[in-house]
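S.K.: Below are the sequence and a predicted model; questions follow.
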Amino acid sequence: MCLLLLTTCSLLLEKKMIVVKVGGSVGVDLDAVCADVARLVAVGRPLILVHGGSHLTNEVATALGHPPQFITSPSGYTSRLTDRRTIEIFEMVYCGQVNKSIVERLQALDVNAVGLSGIDGGLWRGTRKKAIRAIENGRLRMIRNSYTGRVEEVNINLLTTLLSNGFLPVLTPPAISYEGEAINVDGDRAAGATAVALNASDLLILSNVPGVLRDFPDESSLIQHIPRHDIDRIAENYAEGRMRIKLLGAKEALDGGVGRVIIGDSRGTQPIEHALSGTGTIIS
Ligand code: ADP
C-alpha cells in the first residue's frame, strides 16, 4: 500500500507539474483562470492553484473599521502590516470568500477542487518574525506585534495525497508558525516554495499587468525575457512595490530547481494557456 502510494506520487511528480499563482488585484478574471485549469486537468496535467485576495481584503478591512496599512522594508519590499485583527480579516477573505468562490467555480467545471490555507494540515510552515524593520518617513521603525513570516516547509505528503487521488488543491495564505500561530506570508513566494517542493516545471505568476514592464504602467514596455543573473538588476531598476516581491519569488523558485517562471496577465481569456505558450515575462 505504502509502496503503491510512493510509486503514484513519484509518477505524479515526474509529469510536468505546474503551479499557478493568481493574484487578488482589480481586473483578475477568475472565471477565465478556472476554465483554463479545467482544460489542463482534463488532459491530465498535474496542477496546483495558489491565490491572493489583496484588493477585497483592503475593502473588507476598511468596512470593518480596521483599514489596511502597508510597510516598506529597508531593502524596498512592500508588505501588509499584519496584527492579530488583520490576520482574522485576512482569513475571512482569503480562506473564506475568495478560496470558496474559486473552489465553487472549479466544482461547476467538474474539477474536484479542495481549498486549503497554509494552516490546514500544516501545509506551509515557517518562523514568525519576532520583529520587522520598516522605513517610515525616512526613519527606521521596529514592529513587534506582526504575524508574518515566510514559508520554510511544504507538506508535500498532503499535496501528493490529494493530487494522486484526483483532487485539485487550491491554496491560500496564511501559513502556520512552528508555534502554531497563523502568519501572513507572501503568496507569490509561497507559490514558489510549493513549486520547488513539488519539483515543478513551471511556475506561473498571473496578475493584472502583462508581465514586468520596463516603464510601468506603459503596457507596451513588456520585458519578454529575464535571465536568472539579471533578476536583481531588473527588480532594482524597473519594478516597484509588489512586482519586486514577485521577482524575488521567481528567483527563489529558479534557485530551488523550478524550470521556468512566467509572470503573465490574468485579465483576459485563456490566461494560463497564454502564459504557458510564453506570453508575459519569462524568467529562466
Ligand atoms: P497580485 O495581487 O495580482 O499578486 P500585485 O498588486 O501584488 O498583484 O502586483 C502587481 C502590481 O505590481 C501591478 O499591478 C503594478 O501595480 C505593480 N508594478 C510595479 N512595478 C511594476 C512593473 N515594472 N511592471 C509591472 N507591474 C509593476
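M.R.: Cool, the structure landed. Numbering: from 1, shown residues only.

S.K.: Around the ligand, pick out the residues from the stretch 151-284 of the chain.
M.R.: Counting by CB under 6 Å from any ligand atom, the residues of the stretch 151-284 of the chain lying close to the ligand are Ser207, Asn208, Val209, Val212, Leu213, Phe216, Tyr238, Ala239, Glu240, Gly241, Arg242, Met243. The way it works is simple: take the backbone N, C-alpha and C, and place the C-beta from them, glycine included.

S.K.: If any of the residues you listed are buried, give me the PyMOL selection for them.
M.R.: Of those, the buried ones go into a single PyMOL selection, burial set by 16 or more other CB atoms under 10 Å:
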select buried, resi 207+209+212+213+238+239+242+243
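
S.K.: Farthest-apart pair in the residues of the stretch 151-284 of the chain next to the ligand, please.
M.R.: Farthest pair in these (CB to CB) is Asn208 and Tyr238. Separation: 17.0 Å.

S.K.: Please narrow the residues of the stretch 151-284 of the chain next to the ligand to those residing in strands.
M.R.: Those of these mapping onto strands are Ser207, per DSSP state E.

S.K.: Out of the residues of the stretch 151-284 of the chain next to the ligand, show me where the pLDDT dips lowest.
M.R.: Across the set of these, Gly241 stands lowest in pLDDT, at 83.

S.K.: how much space is there between the closest residue to it other than its chain neighbours and the ligand?
M.R.: Distances taken as CB to CB, 6 or more residues apart in numbering place Thr78 nearest to Gly241, at 4.5 Å, with adjacent residues excluded. Distance, Thr78 to the ligand, by CB to the nearest ligand atom, to the nearest Å: 9 Å.

S.K.: burial of the closest residue to Asn112 other than its chain neighbours, as a residue count?
M.R.: If you skip the residues right next to it in sequence, Asn112 has Phe167 as its closest partner in space, 5.2 Å away by CB to CB, 6+ apart. By other CB atoms under 10 Å, 15 other residues sit near Phe167.

S.K.: how about Phe167, phi and psi?
M.R.: phi -100, psi 150 (degrees, to the nearest 10).

S.K.: before we move on, what about Leu49?
M.R.: The phi/psi pair for Leu49 (degrees, to the nearest 10) is phi -110, psi 130.

S.K.: Contact partners for it?
M.R.: Contacts for Leu49 (CB atoms under 8 Å, 6 or more residues apart in numbering) come out as Val20, Val22, Val33, Val37, Ile102, Ala113, Leu168, Pro169, Val170, Leu171.

S.K.: contacting residues for Pro210?
M.R.: Counting by CB under 8 Å, 6+ apart, Pro210 touches Glu219, Leu222, Gly264, Asp265, Thr279, Gly280.

S.K.: how much space is there between the fourth one and Val28?
M.R.: With distances defined as CB to CB, to the nearest Å, the gap from Asp265 to Val28 amounts to 9 Å.

S.K.: Between these two, which contacts overlap?
M.R.: Common contact partners of Asp265 and Val28 (CB under 8 Å, 6+ apart): Leu206, Ser207, Asn208.

S.K.: The ligand: which of those residues is nearest?
M.R.: Ser207 (3.4 Å; CB to the nearest ligand atom).

S.K.: and the spatially closest residue to the closest one that is not a sequence neighbour, how many residues sit next to it?
M.R.: Closest residue in space to Ser207, ignoring its immediate chain neighbours: Gly23 at 4.3 Å, by CB to CB, 6+ apart. Neighbours of Gly23 under the rule other CB under 10 Å: 23.

S.K.: picking up where we left off before, list buried residues within the contacts of Leu49.
M.R.: Buried among the contacts of Leu49 (16+ other CB under 10 Å): Val20, Val22, Val33, Val37, Ile102, Ala113, Leu168, Pro169, Val170, Leu171.

S.K.: Let's see which of these end up in strands.
M.R.: Those of the buried ones among the contacts of Leu49 lying in strands (DSSP E): Val20, Val22, Ala113, Leu168, Pro169, Val170, Leu171.

S.K.: Dump the contacts of Leu49 into TSV; add pLDDT and distance to Ile183 as well.
M.R.: Compiled in TSV, the contacts of Leu49 are given as follows (pLDDT from 0 to 100; distance: CB to CB, whole Å):
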residue	pLDDT	distance to Ile183
Val20	98	23
Val22	98	21
Val33	98	26
Val37	98	27
Ile102	98	22
Ala113	98	24
Leu168	98	25
Pro169	98	20
Val170	99	20
Leu171	99	15
